[in-house]
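Colleague: The amino acid sequence is not available; the structure is as follows:
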């Protein structure tokens, strides 16, 4: 799967996950992978396992911190961190 194809699937799922990030099910906040449709999940999961970048790492840190109710990530307020992710989403879409 090419990076462009992955992000066409991943970004809408990430946006949905960010909209629902206040729902914490016992130290688990649903991440973008939980919102990827079933037809694409295998390919998306394989892409995530085989490819790492700063943005995907940032997203992983965010959902881990949200799940554990941390107020900040690496000294950055969690809401500011979320806005940084949203800014990255906008850049990746265009």
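Modeller: Thanks, I have the structure now. Remember, predicted model here, so these are calculated numbers, not experimental data.
Colleague: What ranges does the protein have for its helices?
Modeller: 3-19, 41-50, 54-67, 78-93 (DSSP state H).
Colleague: Quick check: which of those helices is nearest to residue 32?
Modeller: helix 3-19 (4.0 Å; C-beta to C-beta). To be clear about C-beta, it is placed using only N, CA and C from the backbone, and glycine gets the same treatment.
Colleague: distance of residue 48 from residue 78?
Modeller: As defined by C-beta to C-beta, to the nearest Å, residue 48 lies at a distance of 22 Å from residue 78.
Colleague: which residues of this protein score low on pLDDT?
Modeller: 94 (pLDDT under 70).
Colleague: Check it and tell me which residue is nearest its centre.
Modeller: residue 59 (4.1 Å; C-alpha atoms, centre = their mean).
Colleague: my read: that residue touches residue 31, true?
Modeller: Yes. Look at residue 59 against residue 31 with C-beta atoms under 8 Å: they come within range, at 7.4 Å.
Colleague: coming back round to it: so for residue 27, which of the helices of the chain sits nearest?
Modeller: Comparing the helices of the chain by C-beta to C-beta, helix 54-67 comes nearest, at 5.2 Å.
Colleague: what's the closest one packed up against?
Modeller: Using 3 or more C-beta pairs under 8 Å, 6 or more residues apart in numbering; DSSP states H and E as the contact test, the elements touching helix 54-67 are strand 72-73, helix 78-93.
Colleague: Let's have these in a markdown table, adding mean neighbour count.
Modeller: As requested, the helices and strands packed on helix 54-67 are exported to a markdown table (neighbours: other C-beta atoms under 10 Å):
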| stretch | mean neighbour count |
| --- | --- |
| strand 72-73 | 15 |
| helix 78-93 | 14 |
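Colleague: That concludes my questions; thank you for your assistance.
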